[in-house]
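Peer 1: sharing a model that was predicted from the sequence below.
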Amino acid sequence: MTTTDNSDIISLNLRFRNSQNRNVIFMIEVSKNDLVSVIADRVRAILAPHLPVRPHNFHLQQIYPTSIQRRRMQPENMISDYFPENPDEDMIHIFVYPPLSPE
């Protein structure tokens, strides 16, 4: 992980729909110089109370800016690949999808 200063920190709004079809919306602050895997780690910690089991992976889908085609965020990519500039703080930036349950 690289060292950061405050100019590299961005706030991202994420949305997760739990098994009761309730939206869980939360904000995280991360450095644009971090890998997407940092977002996934933070999501695991935040969503633990909302999940029956702790999943090993999530699907993160970038949905902001709305002018782009939605795309799955790869854990090995840098956050700046998806958010080179500070996003609009009033929008949802990432959808979080749980892994498919083996039923």
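Peer 2: That came in fine, so what should we check first?

Peer 1: run through who's touching stretch 17-27.
Peer 2: Ser11, Leu12, Asn13, Leu14, Arg15, Phe16, Ile46, Leu47, His50, Leu51, Pro52, Ile92 (CB atoms under 8 Å, 6 or more residues apart in numbering). Using the backbone N, CA and C atoms, a C-beta is placed for each residue, glycine as well.

Peer 1: so the fourth one makes contact with Pro87?
Peer 2: Put plainly, it is Leu14. No. Under the criterion of CB atoms under 8 Å, Leu14 makes no contact with Pro87, lying 11.6 Å away.

Peer 1: settle it for me: which of the two has more neighbours?
Peer 2: Set Leu14 next to Pro87 and count neighbours by other CB atoms under 10 Å: Leu14 wins out with 22 against 19.

Peer 1: thinking again about what came up before, shared neighbours, Leu14 and Pro87?
Peer 2: Taking CB under 8 Å, 6+ apart as the contact rule, Leu14 and Pro87 both touch His93.

Peer 1: other SSEs contacting the helix or strand harbouring Arg44?
Peer 2: Assigned by DSSP states H and E, Arg44 belongs to helix 36-47. Packed against helix 36-47 by the contact rule (3 or more CB pairs under 8 Å, 6 or more residues apart in numbering; DSSP states H and E) you find strand 9-17, strand 23-31, strand 59-62, helix 79-82, strand 94-97.

Peer 1: out of those, flag the one nearest Val38.
Peer 2: Across those, Val38 has its closest neighbour in strand 23-31 (5.8 Å, CB to CB).

Peer 1: pull up the pairing partners for that closest one, direction included.
Peer 2: Note on strand 23-31: by DSSP bridges, its sheet partners are strand 9-17 (antiparallel).

Peer 1: any idea of the mean pLDDT for the partner strand?
Peer 2: Summarised as a single mean, pLDDT over strand 9-17 is 94.

Peer 1: can you give me the angle that strand makes with helix 36-47?
Peer 2: Interaxial angle, strand 9-17 versus helix 36-47 (axes from the mean of the first three to the mean of the last three CA atoms, to 10 degrees): 50 degrees.
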